[in-house]
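>>> no sequence on hand, only this structure:
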């Protein structure tokens, strides 16, 4: 069957029609998916009834997978390639470590030295309403900045952290996080290694600019995040069960919305495709 792409919004995203992942896509089909991925930034695959093994196998067709060693509490105990994004309580009744994962604007694994090239998130259980994910086109956001602002930020590096809301934030947990995930500096403007286009590389996990205090950095960080998340740059995805979303972290950022009844289960699982080395650890 021929693959087709149906745009999801003006700014970014397309639904992939004519592909069933469980049927082992051909080499030609995968090349078409790659081309669509670079063109649209986000690809949606609906009605994909697949196993964890099939999810991992499909993801490996696009690159080496992250084993999520920096997030050991969030990965599946039997599949290190799978990161759990769930509000399902632990067997002992304690809240999930990833209950609030992604609820700030960010790009996956930006706080590491090999930020994600792509992420493939599979929906397994979703709330009856809400729990959407928003995405922003960071290439378009950069292009719409004034030349003066582009020049101002051209040499800035942002300090990325793994900061997020965690329920059991004990001192031991804080110390563990600092050891596993020290702050990493990344350029605020990155050049996409495949398209050659410039894109903003910012988000709410960026706490300051290198060489500047947090107070000095905050107004510009806030402005860039507000600018990049304007409606004209954004696609909002309403989840259904058995979908996969494949997005390019090099030119998008995203935000998981907590706008749902927390008594309902929201369980998704993500593979992360490693990108090219970038950034440096701050001492």
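Yep, it's here. None of the values given here were measured: they were computed from a predicted structure. Residues are numbered from 1 along each chain as shown.
>>> tell me which element residue 150 falls in.
Taking DSSP states H and E as the definition, residue 150 sits inside helix 147-153.
>>> can you mark which positions in that helix are buried?
residue 153 (16 or more other C-beta atoms under 10 Å). To be clear about C-beta, it is placed using only N, CA and C from the backbone, and glycine gets the same treatment.
>>> likewise for stretch 79-90?
By 16+ other C-beta under 10 Å, the buried positions in stretch 79-90 come out as 79, 81, 82, 83, 84, 85, 86, 87.
>>> put together JSON lines for the residues you listed, with secondary structure and distance to residue 2 on each row.
Output for these, formatted as JSON lines (DSSP: H, G, I helix; E, B strand; the rest coil; distance: C-beta to C-beta, whole Å):
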{"residue": "79", "secondary structure": "coil", "distance to residue 2": "33"}
{"residue": "81", "secondary structure": "coil", "distance to residue 2": "30"}
{"residue": "82", "secondary structure": "coil", "distance to residue 2": "31"}
{"residue": "83", "secondary structure": "strand", "distance to residue 2": "33"}
{"residue": "84", "secondary structure": "strand", "distance to residue 2": "35"}
{"residue": "85", "secondary structure": "strand", "distance to residue 2": "32"}
{"residue": "86", "secondary structure": "strand", "distance to residue 2": "36"}
{"residue": "87", "secondary structure": "coil", "distance to residue 2": "39"}
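>>> out of the residues you listed, who's nearest residue 28?
When those are ranked by distance to residue 28 (C-beta to C-beta), residue 81 comes first, at 25.4 Å.
>>> contacts only, for the residue lying closest to that closest one once chain neighbours are set aside.
Nearest residue to residue 81, sequence neighbours excluded (C-beta to C-beta, 6 or more residues apart in numbering): residue 65, at 4.6 Å. Contact partners of residue 65, counting by C-beta atoms under 8 Å, 6 or more residues apart in numbering, are 56, 59, 81, 271, 272, 273, 274.
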